[in-house]
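Q: make a model of this:
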Amino acid sequence: MTIVGFTGTQEGMTSQQIAKVREFMISLNPIKAHHGDCIGADAQFHSICRDLMIYIVGHPGMDAKGYSRKRAFGKCDEINPVLPYLERNQNIVNECTILIAAPEGYLEEVRSGTWSTVRKARKANRALFIVFPDGTISTE
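A: So this is what the prediction gives:
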């Protein structure tokens, strides 16, 4: 049973990332997909999943003041309670068997939600696929 978690830049994926993530989702044929319901890459991933008729679970996040200013409000099949971003990201990792990450750049960053989620997936021993801006994939 493949359950995909997704994390990506709020700036949105490149066209190469979108194409590669879509191709990857077709090949994986997951029963569910989890994402953070944020603007940018999460919203694009949501559209891919809708097009492929994949069941979507949203994990909206909030900042330290309790605001969700970057929420995309995607029409998910299931929505989890709004949680602080780092806690929300851990829940996405906990729920998936595979994590797909679409970062803005090529180098791991310390203060990045996308890279933080990647580190959580590594620690949890999840299958990890990082789709870089040029569409290349790193597997771990």
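
Q: mean confidence score for stretch 86-97?
A: What stretch 86-97 shows for mean pLDDT is 97.

Q: what sits up against that stretch?
A: 1-7, 32, 34-36, 57, 59-61, 80, 82-83, 99, 113, 116-117, 120-121, 124, 126-127 (CB atoms under 8 Å, 6 or more residues apart in numbering). Every residue, glycine included, has its C-beta placed from N, CA and C.

Q: all strands of this structure, in order?
A: 3-8, 32-35, 55-58, 61-62, 78-79, 83-84, 98-102, 127-131, 137-139 (DSSP state E).

Q: pipe these into TSV and attach distance to K20 per row.
A: TSV is the format used below for these (distance: least, CB to CB, whole Å):
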stretch	distance to K20
strand 3-8	12
strand 32-35	16
strand 55-58	19
strand 61-62	25
strand 78-79	26
strand 83-84	29
strand 98-102	9
strand 127-131	5
strand 137-139	6
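
Q: could you dump those to CSV with mean neighbour count and distance to F45?
A: As requested, the strands of the chain are exported to CSV (neighbours: other CB atoms under 10 Å; distance: least, CB to CB, whole Å):
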stretch, mean neighbour count, distance to F45
strand 3-8, 26, 5
strand 32-35, 26, 5
strand 55-58, 20, 9
strand 61-62, 20, 15
strand 78-79, 13, 15
strand 83-84, 14, 19
strand 98-102, 24, 8
strand 127-131, 21, 10
strand 137-139, 11, 15
